[in-house]
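> here is my input; please provide its structure:
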Amino acid sequence: MEMQSVKKVIMLAVGILIAFLIADILSNVVVILSGLNGAAGMVVNFVVYAAVFFFVLHLLEKYAHIVFFGFDRE
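Okay, here's the model as predicted:
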């Protein structure tokens, strides 16, 4: 039973790391391609990063069955 808990924690950490890396790469690519810099670039980077990060977490939750958002479960 203890190993199952450890496996869940490791999968959670790996899933968050994957989402972080994908979101970081895609948000930087969008800002570079748009040519924005300064405050506008920072805002666009933040918004795109947040959207992609939560989208990737949702995809991982749906297809890899890693539970990040367990609000609808009891």
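> moving C-terminal of the helix or strand of the chain with the lowest mean pLDDT, what's the next helix or strand?
Every helix and strand in the chain was compared by mean pLDDT, DSSP states H and E; the lowest is helix 2-34, with a mean of 87. Moving toward the C-terminus from helix 2-34, the next helix or strand (DSSP states H and E) is helix 39-63.
> list the buried residues for that next one?
By neighbour count on 16 or more other C-beta atoms under 10 Å, the buried set for helix 39-63 is 45, 48-49, 52-53, 56-57, 60. Yep, even glycine has a C-beta here, placed from its N, CA and C like the rest.
> which one of those residues sits closest to V29?
Nearest to V29, judged by C-beta to C-beta, of the buried residues of helix 39-63 is V48 at 9.1 Å.
> quick check: closest non-adjacent residue to that closest one.
Of all residues not flanking V48 in the chain, S27 sits nearest, at 4.2 Å (C-beta to C-beta, 6 or more residues apart in numbering).
> list the residues that contact the one you found.
Residues near S27 by C-beta atoms under 8 Å, 6 or more residues apart in numbering: 45-46, 48-49, 52.
> swap in 7 Å and give it another go.
Taking C-beta atoms under 7 Å, 6 or more residues apart in numbering, we find S27 in contact with 45, 48-49, 52.
> quick one: I66 from N28, how far?
I66 sits 25 Å away from N28, going by C-beta to C-beta, to the nearest Å.
> neighbour count winner among those two?
I66 (16 against 13; other C-beta atoms under 10 Å).
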